[in-house]
Structure formats: structure tokens, C-alpha cells
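Visitor: Sharing a model prediction with you, sequence too.
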Amino acid sequence: MTDFDADEPVAPPKSRARRGVTALDRVLTVTGLVLAGLSAFFPWYVFLNEDKFGINVAEGDRSRELPNWPARNVFSVSPLAMVNKNAADAKPPELPVDPLTTATATSIGRVDKDAAALPESQPFPGSTGFRLLHVANGRALIQDGTGMYVVRVGSILPDDSRLAKLEQRDGKWVIVTSKGDIFQND
């Protein structure tokens, strides 16, 4: 069966009527064209009028000398840069001397025949108190009162010596310092 075999004739579909151009469509079209024209023209306007849109350089003499501007007040100064505002003849008050002996002085440079020769290297007062905790991969973990440190041969230890050797003695790890002290793993 075909369309030609139909009992009733069928009318062709209605074509859509062309929508009319409204005033709003015309206004939007004209506005878009004007904006496109202005956006194409404006960069040329800026390029041709450099004095209106360019960077203004401050006027001044073109020399390497500093300008003769007045000095500004300084509001924040480092304590090391502060000047002494005390009177030149005023001396600070004399404080009493602490009678507690805290160190010894050497006899280097002293020409006193009655003074006994004092040892030149004075040991640090008190023990350093660090201990060896663990040794692995050529590094040692030590601990003192301030924390734990990983050191290796050549590192500075808390007693201001250097780590000279890491070795195992009788199954326990030992570190030997440059001063000859030996610290054993607990």
C-alpha cells in the first residue's frame, strides 16, 4: 500500500510562516555592530594618542647624582645602630664585683716568677652526659639533655669533640671521640 492508495486525500504540511523582524532584533543588531567597531578602533586610538595613555616618567635631571630631596625621619632603627645619648662626661655607676671564682686564667704572657704554672687546657665543668643509643649504616644515634642526634664519623659531638671511630667491641657498639673518650651502647 502506498500513499496514493489512501482513501482520503491528505493535505501537505503547513509551512511555517516567516517570523517578522521586530524592532528589538534591529536594536540588538545595531548595538552589536557598534560595539564591534569601537573595540576594533580603540587600540588604534590608544596607540596614536600615547601622551594620554602612556607611562609618565617623573621629571628630573638625568644625571647619576642623588636628588636634593629633604631627608626623611627614621622611625625604626636596629639596636646596634642606636647612638649613645648619654652625656660624654657621665660615667656608668660602678657595680660591685662578684667574689665567686668561675674560671682560671692562664699564665701565658705573664712575667710573674712567683705564680705557679697553670694548665693551659681547662676541661669543661661537669660531664657532657650524652649516651650512645643505636648504630646502623655507619651512623650513630646519641642522646643528651637537649635531644637526640644522628652523627657519623667526623661529626661534632655535644662535648665539642669529633666522632673519630665507630667500632664493635665484645659484641657492643662503641664510639671513640677525638679526645679519646669511649662511649658504649647501653
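Guide: Received the coordinates, thanks.

Visitor: looking at the protein, which helix or strand is least sure?
Guide: helix 50-53 (a mean of 81; mean pLDDT, DSSP states H and E).

Visitor: Could I get the CA-only coordinates of it as PDB?
Guide: Output of helix 50-53 as PDB, limited to C-alpha atoms (Å, rounded to 0.1, in the frame of the first residue of the first chain):
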ATOM      1  CA  GLU A  50      50.400  57.900  23.500                       C
ATOM      2  CA  ASP A  51      50.600  61.100  25.600                       C
ATOM      3  CA  LYS A  52      47.200  60.400  27.100                       C
ATOM      4  CA  PHE A  53      47.600  56.700  27.900                       C
END
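
Visitor: Give me the average confidence score over the following helix or strand past that helix.
Guide: Remark: after helix 50-53, the chain's next helix or strand is strand 131-136, criterion DSSP states H and E. Strand 131-136 shows a mean pLDDT of 88.

Visitor: Do me a favour and average the pLDDT over the following helix or strand past strand 131-136.
Guide: Per DSSP H and E, the first helix or strand lying C-terminal to strand 131-136 is strand 139-144. Averaging pLDDT along strand 139-144 gives 87.

Visitor: Report all helices and strands that strand 139-144 contacts.
Guide: Using 3 or more Cβ pairs under 8 Å, 6 or more residues apart in numbering; DSSP states H and E, the elements in contact with strand 139-144 are strand 131-136, strand 147-152, strand 172-177. Backbone N, C-alpha and C define where each C-beta goes, glycine included.
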